[in-house]
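Okay, here's the prediction I keep looking at, along with the sequence it came from:
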Amino acid sequence: MAAPQIDQNMLQNAQMAYDEYGQPFIILRDQGQQQRLKGLEAHKANILAARTVANILRSSLGPRGMDKMIVDPDGTVTVTNDGATILQKMDVQHQIGKLLVELSASQDDEIGDGTTGVVVLAGALLEEAEKLLEKGIHPIRVARGFEAAAGVCTKRLDEIADRWEWSPDNLDPLLRTAETTLGSKIINRFKKQMAAIAVNAVVSVADLERKDVNFDLIKVDGKVGGKLEDTMLVEGIVIDKEMSHPQMQKRIEDAKIAILTCPFEPPKPKTKHKLDITTAEAYEKLYEDEQKYFQTMVKQVKDSGANLVICQWGFDDEANHLLLANQLPAVRWVGGVELELIAIATNGRIVPRFSELAPEKLGNAGLVRELEFGTTNDRMMVIEKCPNTRTVTVFVRGGNQMVVDEAKRSLHDAMCVTRNLIIDNRIVYGGGSAEIACSLAIRDEADKTSGQEQYAMRAFADALEAVPIALAENSGLSAIETLSEVKAAQVATGKPFLGVDCMSRDTMDMKEQMVFETLIGKQQQVQLATQLVRMILKIDDVIAPKELSYQ
């Protein structure tokens, strides 16, 4: 047998040692299996990785943006143009690339909209930073200039923002904002209907005095089948369950609901047990005892005044038959989260034991009905006319699972934007108009700045123009020509709401086109992208295992 070959490079990072029997062995250091990038080379590798991820999303920006199809390892297909969803579904291996995935997720968590724009902006900033690094400007000076430019940008956004007044009696401003958000989604054909659903859902659960919205009170559910326009808002709860017995009553008015977390079955010992039955009499006795347990449970429910049982656990055929015989409709295997929502909506109490049932612990609902879908056996329960109207369900329909999932994501974005407008009703106009206005303000400020930071500030201004350029490209327009036209118009008129006419409506006036987004969303985009770029620029040394192929 031939002796194993030892790489000479590995021996350079090795040392000889001897065991207790005097046998020699070689210790290899880990660095022999690692690669290292330093200085400008490390910066370039990091920036290349981040820009590669950002360029994937660039074509999805705006109302004319393209969709992406992502196929999971198990074959599940997702079609979307939501930035956070695309990056979440992608299997990004590079560590700097993962930072952009987290950036998009942060924007989604905080604002809910603008997840594509924030990644495109970060990619443009890194592209401009690379040009400055190649000119010999120190990364810290670049980062400092970017930070100063972000401050100017945030201040300019405050200046050009308009207040968008609304009230519970006048929801039109909220509807228009939600329509702008849905304009770039698959469901934009029905954006008026979907915007109304999203706004009404948010306003139903909003605490207008505290300017707070609890999204836990909004349940978004979906069912494949039907048309997208069949999507509806239910002022109550929809659960994907049906009556436990097909002969039970399907429609209950003025329902008194017992919400149970205890099963309809005899108690079981906690330890292992074995029961030997040797005679027919013993079997009869056991059967009678079991019947008594079931009958006692049903009697306790009936005595409390309940005419509907919703149970977290299942029950066997014997209990089901007794419930039917006693004309007590029941729903089983309802999830814990749904039970809590039902309890909140009906002002009921979740009861852990049958002995604790009482009339004051029952939930109330004006109507409980079972929905049937087409020719299939699919059924769902709808609990409506609840005393607490601050719990609502958005019920989404669609021709296939992909459409249902994308509609859910789109409605979530619209609801987030509505929430942001309730928290802070200031808006800026879209179509790249805010970015161009900020770019012009930063250039003016850069002219007053001394030192190398002025170059970084101008680079930041150039990066901001990547957003209107991407919007123009995705709309089939000449990018440079369109950008020059809009910039010239803003400079000449001093109107910061002139932007790219993506929808070809023969006007650059975004105020007239009613295209706008929330101020806090736009400011968050700029701040998050700048923070990420600063962090990447401060990395000048990378040590990674060779198998990761970092470059």
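Arrived safely. Residues are numbered from 1 along each chain as shown.

Please enumerate the strands of the stretch 401-550 of the chain.
426-429, 516-518, 541-545 (DSSP state E, counting those that start in this stretch).

Would you mind putting the ones you listed into TSV with distance to A258 and mean neighbour count alongside?
Glycine gets a C-beta too; all of them are placed from N, C-alpha and C. Output for the strands of the stretch 401-550 of the chain, formatted as TSV (distance: least, CB to CB, whole Å; neighbours: other CB atoms under 10 Å):
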stretch	distance to A258	mean neighbour count
strand 426-429	47	24
strand 516-518	44	26
strand 541-545	59	14
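
For C311, which non-adjacent residue is closest in space?
L260 (4.6 Å; CB to CB, 6 or more residues apart in numbering).

what's the answer for G62, then?
Distances taken as CB to CB, 6+ apart put L471 closest to G62, at 4.3 Å, once the chain neighbours are dropped.

wait, what's in contact with the one you found?
Residues counted as contacts of L471 (CB atoms under 8 Å, 6 or more residues apart in numbering) are L61, G62, R64, G431, G432, V500, C502.

And the helix or strand containing T180, what's buried?
Applying DSSP states H and E as the criterion places T180 in helix 172-182. Applying a neighbour-count criterion of 16 or more other CB atoms under 10 Å, the buried positions in helix 172-182 are P173, L174, L175, R176, T177, A178, E179, T180, T181, L182.

Stretch 144-155 too?
Result for stretch 144-155 [16+ other CB under 10 Å]: buried residues R144, G145, F146, E147, A148, A149, A150, V152, C153, T154.

Which of the helices or strands spans G222?
Counting by DSSP H and E, G222 is part of strand 218-224.

What lies in contact with the very next helix or strand once past that strand?
Sequence-wise, the next helix or strand beyond strand 218-224 is strand 232-234, with elements assigned using DSSP H and E. Residues outside strand 232-234 that contact it (CB under 8 Å, 6+ apart) are I197, N200, A201, V382, E384, V392, T393, V394, F395.

Which of the three states applies to L322?
helix (DSSP: H, G, I helix; E, B strand; the rest coil).

For it, grab the count of nearby residues.
17 (other CB atoms under 10 Å).

isn't I197 right next to T231, touching?
Yes: the pair I197 / T231 is scored as a contact, 6.5 Å apart, by CB atoms under 8 Å.

Overlap in contacts, the two.
What both I197 and T231 touch, as defined by CB under 8 Å, 6+ apart, is the set V394.

ok, for Q295, nearest residue in space, not its chain neighbours?
Q295's closest residue in space is L322 (CB to CB, 6+ apart), at 6.8 Å.

typo on my end, it should be Q312
Q312 sits nearest to T261 (CB to CB, 6+ apart), 4.6 Å away.

correct me, but the one you found touches A343?
No: at 10.5 Å, T261 does not count as touching A343 under the criterion of CB under 8 Å.

Would you mind measuring from R505 to V515?
10 Å (CB to CB, to the nearest Å).

So which of those two has more stuff around it?
For R505 versus V515, the count of surrounding residues by other CB under 10 Å is larger for V515: 25 against 11.

rewinding a little: and the angle for the helix or strand that the helix holding T180 is followed by with strand 218-224?
The element immediately downstream of helix 172-182 (helix or strand, assigned by DSSP H and E) is helix 191-205. Going by axes from the mean of the first three to the mean of the last three CA atoms, to 10 degrees, helix 191-205 is angled at 140 degrees with respect to strand 218-224.

elements contacting helix 191-205?
helix 172-182, strand 218-224, strand 232-234, strand 392-398, helix 401-423 (3 or more CB pairs under 8 Å, 6 or more residues apart in numbering; DSSP states H and E).

Show me the one of these that comes nearest P266.
strand 218-224 (34.0 Å; CB to CB).

List the contacts of that closest one.
Contact with strand 218-224 is made by 201-202, 205, 237-238, 240, 338, 341, 373, 378, 380, 391-401, 404-405, 407-408, 411-412, 415, as judged by CB under 8 Å, 6+ apart.

Any chance you could give me that strand in PDB, C-alpha atoms only?
Extracted as PDB, the C-alpha positions of strand 218-224 are listed here (Å, rounded to 0.1, in the frame of the first residue of the first chain):
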ATOM      1  CA  ILE A 218     -56.100  40.700  12.300                       C
ATOM      2  CA  LYS A 219     -56.200  37.100  11.100                       C
ATOM      3  CA  VAL A 220     -55.300  36.500   7.500                       C
ATOM      4  CA  ASP A 221     -56.600  33.200   6.100                       C
ATOM      5  CA  GLY A 222     -56.900  31.800   2.600                       C
ATOM      6  CA  LYS A 223     -58.500  29.000   0.700                       C
ATOM      7  CA  VAL A 224     -57.700  27.900  -2.900                       C
END
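
Centroid-nearest residue for this protein?
D108 (5.7 Å; CA atoms, centre = their mean).

Tell me which of the strands of the stretch 401-550 of the chain sits nearest to Y18.
strand 541-545 (29.2 Å).

Quick one: mean pLDDT for that closest one?
For strand 541-545, mean pLDDT rounds to 66.

give me the element the closest residue to S184 other than its chain neighbours is part of.
For S184, ignoring the flanking residues on the chain, the nearest one in space by CB to CB, 6+ apart is P63 at 4.7 Å. Here P63 sits in a region with no helix or strand, counting by DSSP H and E.

same question, R156
Going by DSSP H and E, R156 is part of helix 139-160.

partner strands of the helix or strand following that helix, parallel or antiparallel?
The first helix or strand that comes after helix 139-160 along the chain, using DSSP H and E, is strand 162-163. Using DSSP bridges, the strands paired with strand 162-163 are strand 426-429 (antiparallel).

Contacts for the strand it pairs with, please.
157, 160-164, 177, 421, 434, 496-497, 499, 510-511, 515-520, 522.

same thing with stretch 47-60?
Here stretch 47-60 has contacts from 65-68, 81, 83, 86-87, 90, 92, 94, 96-97, 99-101, 116, 119-120, 122-124, 126-127, 129-130, 470, 473-474, 536, using CB under 8 Å, 6+ apart.

hang on, the earlier thing: the helix holding R156 - what's its average pLDDT?
Averaged across helix 139-160, the pLDDT comes to 91.

for stretch 298-306, same thing?
Across stretch 298-306, the per-residue pLDDT values average to 87.

May I see the buried residues of that stretch?
V298, Q300, V301, S304, A306.

got the contact list for that stretch?
With CB under 8 Å, 6+ apart as the test, stretch 298-306 has contacts from 256-258, 309, 319, 322-323, 326, 328, 354-355, 357-359, 361-362.

So N364: helix, strand or coil?
On the basis of three-state DSSP, N364 is classed as strand.

what residues are up against it?
Remark: with contacts taken as CB under 8 Å, 6+ apart, N364 is in contact with D254, A255, K256, I257, T346, N347, G348, C386, P387.

ok, the first one - contacts?
Read that as D254. By CB under 8 Å, 6+ apart, the contact set of D254 is N364, G366.

State whether L324 and M248 are indeed in contact, as I suppose.
Yes: counting by CB under 8 Å, L324 touches M248, with 6.1 Å between them.
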